[in-house]
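S.K.: Output the structure for:
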Amino acid sequence: MKGTFFGIGVGPGDPELLTVKAIRAMEKADVLIAPKTEKKDGSVALSIARPYLKKDIEIVYQVFPMVANFAESTKAWEENKTEILALLEAGKNVAFLTLGDPMFYSTYIYVYRLLEHEAVTIETIPGIPAFCAIGSKLGYPIVEGNDILSIIPATASPEKIAKILPVTDNAVLMKVYKNFPEIADMLSESGLAKDAVMVSRCGLPDEERIDDIEAQKDKKVNYLSTILTRRNA
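M.R.: Predicted coordinates for the structure are as follows:
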């Protein structure tokens, strides 16, 4: 009998934000796939989930190349797929951990697409996105009434971001990193810098908050940084 493949969102950082369903799925897992990039050791998602893992669970690290074009990394991804399928064929339940929510800017989406047409059972378990956790922790309403919210990856082209910011009521900018100074300037130009707040590594021990975006735009920020901003506070 084949095992089940679980895609589990572990939330932004605080282990207490995992759902009961996520914890129960991890309790069923025989093998845990911990994704990591080529340049970083370890897995943030794994560190969040570790308090709930079985002591004897098998942990398999898989490298998922970070490239602009998914097709460019076909070989590496296909090798990961083959390894996962072999584990499932052996009757093992396999859990794939991902930060935030599995269907929201996640590596899991591509893994899911590789497996969805195979003869395997897949269960995807949602998790809390970072911006929701930030809003709740800071008492910062993300949207209310008839507000229109735009969720923007800061990795998008400056031209595209510059078109969205002037016409949206509120915005969430995710994946803010090396382009923080440019993002800060665009928020200023769009009248969205005044009430903006940025939180890096929300829920993790080294969480950091920046309130004055304009004054600190030259500060180096972590790759897990999210900005919340609203036009009419």
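S.K.: what's the weakest-modelled helix or strand in this structure?
M.R.: Ranked by mean pLDDT, DSSP states H and E, the weakest helix or strand in the chain is strand 31-36, scoring a mean of 86.
S.K.: Now do that one: everything it contacts.
M.R.: 26, 42-43, 45-46, 49, 53, 57-64, 84, 87, 92-98, 107 (CB atoms under 8 Å, 6 or more residues apart in numbering). Using the backbone N, CA and C atoms, a C-beta is placed for each residue, glycine as well.
S.K.: Check which element follows that strand along the chain.
M.R.: Where DSSP states H and E defines the elements, the next helix or strand beyond strand 31-36 is helix 44-49.
S.K.: who does the helix or strand following that following helix pair up with?
M.R.: For helix 44-49, the succeeding helix or strand toward the C-terminus, using DSSP H and E, is strand 58-63. Strand 58-63 has the following strand partners under DSSP bridges: strand 31-36 (parallel).
S.K.: burial count for Leu228?
M.R.: When counting by other CB atoms under 10 Å, one arrives at 22 neighbours for Leu228.
S.K.: Mind checking what secondary structure it has?
M.R.: Using DSSP: H, G, I helix; E, B strand; the rest coil, the three-state assignment for Leu228 comes out as strand.
S.K.: Now do the longest helix anywhere in the chain: which elements does it pack against?
M.R.: Longest among the helix segments of the chain by residue count, using DSSP state H, is helix 74-89. When contacts are defined as 3 or more CB pairs under 8 Å, 6 or more residues apart in numbering; DSSP states H and E, helix 74-89 packs onto strand 4-9, strand 58-63, strand 94-98, helix 107-115.
S.K.: The same query, at a cut-off of 10 Å, please.
M.R.: strand 4-9, strand 31-36, strand 58-63, strand 94-98, helix 107-115 (3 or more CB pairs under 10 Å, 6 or more residues apart in numbering; DSSP states H and E).
S.K.: Could you provide these in TSV, with additional columns for distance to Pro166?
M.R.: TSV is the format used below for the helices and strands packed on helix 74-89 (distance: least, CB to CB, whole Å):
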stretch	distance to Pro166
strand 4-9	32
strand 31-36	36
strand 58-63	40
strand 94-98	33
helix 107-115	30
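S.K.: Deepest-packed of those, please.
M.R.: strand 94-98 (a mean of 27; mean count of other CB atoms under 10 Å).
S.K.: For it, which strands pair with it and how are they oriented?
M.R.: Strand 94-98 pairs in its sheet with strand 4-9 (parallel), strand 31-36 (parallel), by DSSP bridges.
S.K.: Now it - C-alpha only, PDB.
M.R.: Output of strand 94-98 as PDB, limited to C-alpha atoms (Å, rounded to 0.1, in the frame of the first residue of the first chain):
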ATOM      1  CA  VAL A  94       6.000  11.600   3.300                       C
ATOM      2  CA  ALA A  95       5.600  15.100   4.700                       C
ATOM      3  CA  PHE A  96       6.900  18.200   2.800                       C
ATOM      4  CA  LEU A  97       7.300  21.300   5.000                       C
ATOM      5  CA  THR A  98       7.000  24.800   3.700                       C
END
